[in-house]
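Colleague: Here is my input; please provide its structure:
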Amino acid sequence: MAVVTNAYTTGSAVGIREDLTDAIHRVDVEDTPFMSRVGTTTARQTYHEWQTRSLGALDTSNAKPEGQQTARAASTSNVRLGNLCQISEKNATVSGTLESVNKAGRDSEMALQMADRTIELRKDMEAILLSNQGMNSNATVGSETGVRLLRGFEAWIRTNTNRADDGADPDDPNTTPTTTATDGTQRAFTEDMLLDTLQDIFTTGGNVKFALMGPYNKRVSSTFQGRESTQITVAAKTIHQATNLYASDFGTIQLIPHRYLRSNGRSVLLIDPEMVKVAYLRRFVRFPLAKIGDAETRVILSEYTLEMCNEKAHGVIADLTTTKPVEEDNGEGGSD
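Modeller: Have a look, this model is predicted:
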């Protein structure tokens with residue numbers, strides 16, 4: 001079709017405004033299921049300490065004669081535990097010009113960058129808190145060298161564990177501060193593993209409320225007989241996360257898929273939220289650095305650790321496969 005002679009079109013016009021929506025869409029994930037479900041407390045030193053204690057063994061022969069002379073029983077002492085506070089930080093640097101120009105989707109570039117860094121920091125912390133990381137022996141109490149590393153969740157659990165034959169629990173953290181669990185040969189996640197570990201936790205006094213697992217093993221758990229209907233948590237018209245409930249002989253727990261578990265979720269973590277906390281020495285502190293040239297740098301920092309109130313209240317099912325096994329040749333194929 002012919003174009004009208006001398007028609008002035010957008011192809012030759014100068015000054016056409018670009019069509020850029022005044023919104024920015026973030027595609028990365030933001031959820032931190034562990035930090036969102038457990039309590040917090042305050043750390044007062046770089047080495048944060050707490051105490052645990054256990055009750056005496058059950059005595060079904062506890063019967064005494066009338067008028068007896070009571071034998072003095074020995075008192076039980078507390079057990080003192082501790083974990084190092086780790087410093088994690090993110091920063092953003094924005095030029096004076098970029099902060100001043102008119103931008104689409106945000107008034108302040110620095111505010112946008114710091115909002116992103118805050119989310120990134122929380123994701124880092126979530127993964128570190130749940131990790132198999134041991135404390136750094138070069139950064140113990142009073143040390144001036146070495147970066148302080150906290151002991152992650154998996155490196156604490158040694159009582160209620162289900163591991164491959166060649167896997168091993170961490171040593172006693174009081175005698176071996178750097179201890180971590182030893183990975184074994186990966187195997188398929190089964191419902192019996194889940195039930196056995198829940199039973200062990202129940203026996204030692206735990207009250208598991210949720211389990212964190214990688215995406216593949218979350219799919220595997222959907223085949224378990226104890227699985228109930230999907231539950232969706234809704235607040236302020238926003239769907240935060242869909243979870244499944246699992247009704248076991250030892251209570252109903254949430255089965256939650258987690259994106260940041262190590263090795264794509266080779267372990268399932270069974271957690272009693274009343275028996276673990278995140279302790280903060282400095283909680284999401286923001287401050288500017290000294291200016292160098294025409295740019296501003298701001299830092300967001302957190303100094304924190306994991307307070308494992310009692311590791312016997314939790315459990316780990318370790319050494320699990322994280323991908324669907326390759327199907328074996330059924331023997332029907334032939335050579336060309």
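
Colleague: for N132, what are its contacts?
Modeller: Residues near N132 by Cβ atoms under 8 Å, 6 or more residues apart in numbering: G152, E154, A155, T180, A181, R262. The C-beta positions use only the backbone N, C-alpha and C, and glycine is treated the same way.

Colleague: out of these, which are buried?
Modeller: Among these, those buried by neighbour count (16 or more other Cβ atoms under 10 Å) are G152, E154, A155, T180, A181, R262.

Colleague: surely the second one meets R266?
Modeller: No: using Cβ atoms under 8 Å, E154 and R266 do not qualify as a contacting pair, with a distance of 9.9 Å.

Colleague: what residues are shared contacts of those two?
Modeller: In contact with both E154 and R266: A318, using Cβ under 8 Å, 6+ apart.

Colleague: what secondary structure does the most centrally placed residue in the chain sit in?
Modeller: Nearest residue to the geometric centre of the chain (Cα atoms, centre = their mean): E126, 3.7 Å. With DSSP: H, G, I helix; E, B strand; the rest coil as the basis, the three-state label of E126 is helix.

Colleague: what pLDDT does it get?
Modeller: E126 carries a pLDDT score of 97 in this model.

Colleague: Next up, the contacts around it.
Modeller: Contacts of E126 (Cβ under 8 Å, 6+ apart): T32, P33, F34, M35, Y260.

Colleague: Can you report phi and psi for the fourth one?
Modeller: Put plainly, it is M35. phi -60, psi -30 (degrees, to the nearest 10).

Colleague: That one and R122 touch, don't they?
Modeller: Yes: counting by Cβ under 8 Å, R122 is a contact partner of M35 at 6.7 Å.

Colleague: out of these two, which sits in the busier spot?
Modeller: R122 (20 against 16; other Cβ atoms under 10 Å).

Colleague: how close does that one get to L301?
Modeller: 12 Å (Cβ to Cβ, to the nearest Å).

Colleague: what does M275 give?
Modeller: Separation of M275 from L301 (Cβ to Cβ): 28 Å.

Colleague: List the buried residues for stretch 267-278?
Modeller: For stretch 267-278, by 16+ other Cβ under 10 Å, it's S267, V268, L269, L270, I271, D272, P273, M275, V276, K277, V278.

Colleague: Find the nearest non-adjacent residue to D272, please.
Modeller: A313 (4.0 Å; Cβ to Cβ, 6 or more residues apart in numbering).

Colleague: Check the contact between that neighbour and I201; I expect there is one.
Modeller: Yes: at 6.8 Å, A313 counts as touching I201 under the criterion of Cβ under 8 Å.

Colleague: anything in contact with each of these two?
Modeller: The contact sets of A313 and I201 overlap at V208, D272 (Cβ under 8 Å, 6+ apart).

Colleague: Okay, now the unreliable bits of the stretch 1-150 of the chain?
Modeller: 1, 3-30, 137, 139-145 (pLDDT under 70).

Colleague: And the strands in it, which stretches?
Modeller: Taking DSSP state E, counting those that start in this stretch as the criterion, the stretch 1-150 of the chain contains strands spanning 39-42, 47-52, 79-84, 86-95.

Colleague: ok, and which of those has the densest surroundings?
Modeller: strand 79-84 (a mean of 18; mean count of other Cβ atoms under 10 Å).
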